[in-house]
Each structure stands twice: as structure tokens, then as C-alpha cells.
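A.B. asks: Give me a model of this one.
(one chain, ligands or ions: 1)
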Amino acid sequence: MSRARFRTERDCAKAGLWPDVDPATTLIERRLAAVEEVLCSLPDSAWSQLIERAGSLCWYLPCPLLLGQVLPVAPSTGSKQPRVIYLSPLLEQQDLAWSITTAAHELAHVVLGHRLGLLDAETNAQQEAEAQTAIRQWGFQPEASRMLADLTSATPFA
Ligand SMILES: [Zn+2]
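C.D. replies: Numbering: from 1, shown residues only. Predicted coordinates for the structure are as follows:
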């Protein structure tokens, strides 16, 4: 992939947006590569909105070998409700495009300040469409198209 990068992994870590993962954790390589690709190439406008949420946002990239785990929940900062972005271990078995599309899509929900939880169908459909529009605008259309071409069933993320 030859997408422009506007910041480094170190910049993302300094901003508090890098996944808090144990270096010894295995089987998360593809998801971590996707998080790096998305965070480092996110346009500045989206990045600015994201760093406002840095203290109340964390990634969850569970190792598939773990049967259970307890993690600290990010403290609530002001009116910002904490958010956890889950990236399934199943993504490790798919093309990198799936991890990039999923990471960008879920991040879009955060950047756009979407409502979470049980939603009416109309609101849900609108938010999903807005998230897909955002990832196209951010430059992740090639990966999104690749993933959707691979899919034969309903969209696996929400
Ligand atoms: Zn979604």
C-alpha cells in the first residue's frame, strides 16, 4: 500500500491512541498493522477529532489463545463516554484489507460521535452509511472494496 502517512507509530503512542498491547502477545500482527496504517494515514481533520477522545478510547485486540482476560476500562473524561474498539482475532485469518477496513470503520463511529447500543433500524443504517462514507473520504476505499468483494454474507461488524 502506498498511502501517504502523516504521523508515525510513536506520534500515535504519544497521543495515547496506540493499542496497549504486550509485546509478547502473539497472533495480533495483522490487526496491529491495520491500526498502524489507519492511525498513521488518517487525515488531519479526523485525527484532530480523534485526539480529543484519546483519554477515553482504547483498542481491544485479543489474542485468540486467551480464553479470558480482565482489562482496565478507560476513565471517563468530561462528557466523553469511554469507547473500546474490538478487533476480532478472526481478522488474522483474512487479507490485511479486512483489518484495515474494520479498524477504519469502527474508528469512524468514534470520530463521528455516533450513538452506541441498541438503535432503531433507521438510525443504525444512517450511522453505518456515514461510517462507510468517512472511510472512503479518508482514503480506505481500496481496502473496503476488496473486503466487500470477498464477502458472501452479511456485513460482520456493527
Ligand atoms: Zn458500523
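A.B. asks: CA atoms for contacts and neighbours, from now on please.
C.D. replies: Noted.
A.B. asks: show me where pLDDT drops low in the protein?
C.D. replies: Low-confidence segments of the chain, defined by pLDDT under 70: 1, 72-79, 152-158.
A.B. asks: which residues in it form helices?
C.D. replies: 9-14, 29-41, 44-51, 96-111, 121-137, 141-150 (DSSP state H).
A.B. asks: elements contacting the third one?
C.D. replies: In this structure, helix 44-51 packs against helix 96-111, with contacts taken as 3 or more Cα pairs under 8 Å, 6 or more residues apart in numbering; DSSP states H and E.
A.B. asks: Quick check: R53 touching K80?
C.D. replies: Yes: taking Cα atoms under 8 Å as the contact criterion, R53 and K80 are neighbours in contact, 7.0 Å apart.
A.B. asks: Of the two, which one has the most company?
C.D. replies: The residue with the greater number of neighbours, taking R53 and K80 and applying other Cα atoms under 10 Å, is R53; the counts read 23 against 15.
A.B. asks: how close does that one get to A33?
C.D. replies: R53 sits 21 Å away from A33 when distances are taken as Cα to Cα, to the nearest Å.
A.B. asks: Same question for A104.
C.D. replies: Counting by Cα to Cα, the gap from A104 to A33 is 12 Å.
A.B. asks: Neighbour count for the two, which is higher?
C.D. replies: Legend: neighbour count by other Cα under 10 Å for A104 and A33, higher for A104 (28 against 13).
A.B. asks: For that one, give me its contacts.
C.D. replies: For A104, the contact set (Cα atoms under 8 Å, 6 or more residues apart in numbering) comprises 38, 135, 140.
A.B. asks: which ones are touching the residue nearest to the last one when sequence neighbours are not counted?
C.D. replies: Read that as F140. Here the nearest residue to F140 in space, its sequence neighbours aside, is T101; by Cα to Cα, 6 or more residues apart in numbering that works out to 6.8 Å. With contact taken as Cα under 8 Å, 6+ apart, T101 is in contact with 135, 140, 143-144, 147.
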